[in-house]
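Peer 1: The following block contains a protein sequence and its predicted model.
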Amino acid sequence: MKTVLSIQYLRAAAALSVVLFHAFQCTNDGFAVGAAGVDVFFVISGFVLWTVIAAKPISPGLFLWRRAVRVVPLYWAVTLALALLVLAAPAVLPQVEFGWGHLGLSLLFIPHDDLVGNPFPLLPVGWTLNYEVILYVVMALALLAPRPWRLRTITALLFAVTAIGFIDPPAYPLFANPMLLQFAAGAWLGQAWLARRLPGKVIGWGLIVVGVDLLAIQQILRLHAPEMVILLDLWRPFLWGIPAVMLVAGAVSVEADGGVFASRPLRILGDASYSLYLCHWVVIALITRVVPTTQPWLFIPVAVGGALVAGLACRQGVEKPLLAWLGGLRRPLDAAAAGAG
């Protein structure tokens, strides 16, 4: 399947949004709605992965192997680098509590509370990958169903996992909550894309404008201020999830109607979005050690610029070489995974 440019652009925007969120968080000058970039990522994941498995036959084993090759090596590399840094100089990043069990669970993508009771792995931003892994398992199981039932099976399984969080409330903040339904929404958008049933670019731009406006209104009204954190925890999948779905639906509708524009910088940033997402938190945390967060006018540009440079460097120097090396192993391992699936 050819690259969907609007999806690449949204990846770039979502990654930059999360970077801004964490940079502003350090200054106590909140840009809470920036974290909605994660919700956009979830909708994108559902869209992209459904279009992949719907395009041509693939076994569950091969699907899981390819997702592991794409996601695991860089995540492990960044997590292990962070672990080594914390072990060597714990005072540099005092906000990271190290534990061998914590590290092991993090590398295995097992949702758990960290050593101070927060639902985060050792690399805090890795919590989103725990959700992604649930999606991978659900999609692999759905591949066992007859083709006409696969999308419905994915949706039903995601609803089932979501229900666990209401039956067993401690599971809600860890993994079992309606944020998983954003994957399902993305998958249905992917089906609409493949079936050419998206609205035209006029409606598409309307969805984008309304989605942005809904997020902006929430930021202006400070719906995600500290005193409203309970509201955020319970209603985030709707407060941010619905605008996220609108943004993705609008963007792909515009592209489907021939309204997309070419932007090399956005495409490059979209390609680097995974590296940027994984690296930025550590980079920003390190920058707080040398640039005063009490001067946002200085700290924010330096933090965002540093994160962008690190993300692009990680893409070129780590992610691409890793993928190229693994690509050389891909044919025999693909065959083995296909046989196992």
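Peer 2: It's in. Everything numeric in this text was worked out from a predicted model, so none of it was measured.

Peer 1: all strands for the stretch 51-200 of the chain, in order.
Peer 2: Using DSSP state E, counting those that start in this stretch, the stretch 51-200 of the chain contains no strands.

Peer 1: For the closest residue to residue 269 other than its chain neighbours, give me its contacts.
Peer 2: Of all residues not flanking residue 269 in the chain, residue 12 sits nearest, at 3.7 Å (CB to CB, 6 or more residues apart in numbering). Just so you know, the C-beta spots here come from the backbone N, C-alpha and C atoms, and that holds for glycine as well. Residues in contact with residue 12 (CB atoms under 8 Å, 6 or more residues apart in numbering) are 266, 267, 269, 270, 273.

Peer 1: ok, those vs residue 321, which is closest?
Peer 2: Set against residue 321, the nearest of the contacts of residue 12 by CB to CB is residue 273 (17.7 Å).

Peer 1: in what helix or strand does the residue nearest to residue 269 lie?
Peer 2: In this assignment (DSSP states H and E), residue 12 forms part of helix 5-27.

Peer 1: Restricting to C-alpha, output that helix in PDB.
Peer 2: This file holds the C-alpha atoms of helix 5-27, laid out as PDB (Å, rounded to 0.1, in the frame of the first residue of the first chain):
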ATOM      1  CA  LEU A   5       0.700  11.500   3.100                       C
ATOM      2  CA  SER A   6      -2.000  12.900   5.400                       C
ATOM      3  CA  ILE A   7      -1.200  10.200   7.900                       C
ATOM      4  CA  GLN A   8       2.500  11.000   7.800                       C
ATOM      5  CA  TYR A   9       1.600  14.700   8.300                       C
ATOM      6  CA  LEU A  10      -0.600  13.800  11.300                       C
ATOM      7  CA  ARG A  11       2.200  11.700  12.700                       C
ATOM      8  CA  ALA A  12       4.500  14.700  12.600                       C
ATOM      9  CA  ALA A  13       1.800  16.900  14.200                       C
ATOM     10  CA  ALA A  14       1.000  14.400  16.900                       C
ATOM     11  CA  ALA A  15       4.600  13.800  17.800                       C
ATOM     12  CA  LEU A  16       5.300  17.600  18.000                       C
ATOM     13  CA  SER A  17       2.200  18.100  20.100                       C
ATOM     14  CA  VAL A  18       3.400  15.600  22.700                       C
ATOM     15  CA  VAL A  19       6.800  17.200  22.700                       C
ATOM     16  CA  LEU A  20       5.200  20.600  23.400                       C
ATOM     17  CA  PHE A  21       3.100  19.000  26.200                       C
ATOM     18  CA  HIS A  22       6.100  17.700  28.000                       C
ATOM     19  CA  ALA A  23       8.100  20.800  27.500                       C
ATOM     20  CA  PHE A  24       5.400  23.100  28.900                       C
ATOM     21  CA  GLN A  25       4.800  20.600  31.700                       C
ATOM     22  CA  CYS A  26       8.300  21.200  33.000                       C
ATOM     23  CA  THR A  27       7.500  25.000  33.200                       C
END
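
Peer 1: Which of the contacts of residue 12 fall in helices?
Peer 2: 266, 267, 269, 270, 273 (DSSP state H).

Peer 1: So residue 174 is in contact with residue 114, correct?
Peer 2: No. Using CB atoms under 8 Å, residue 174 is not in contact with residue 114; the gap is 11.2 Å.
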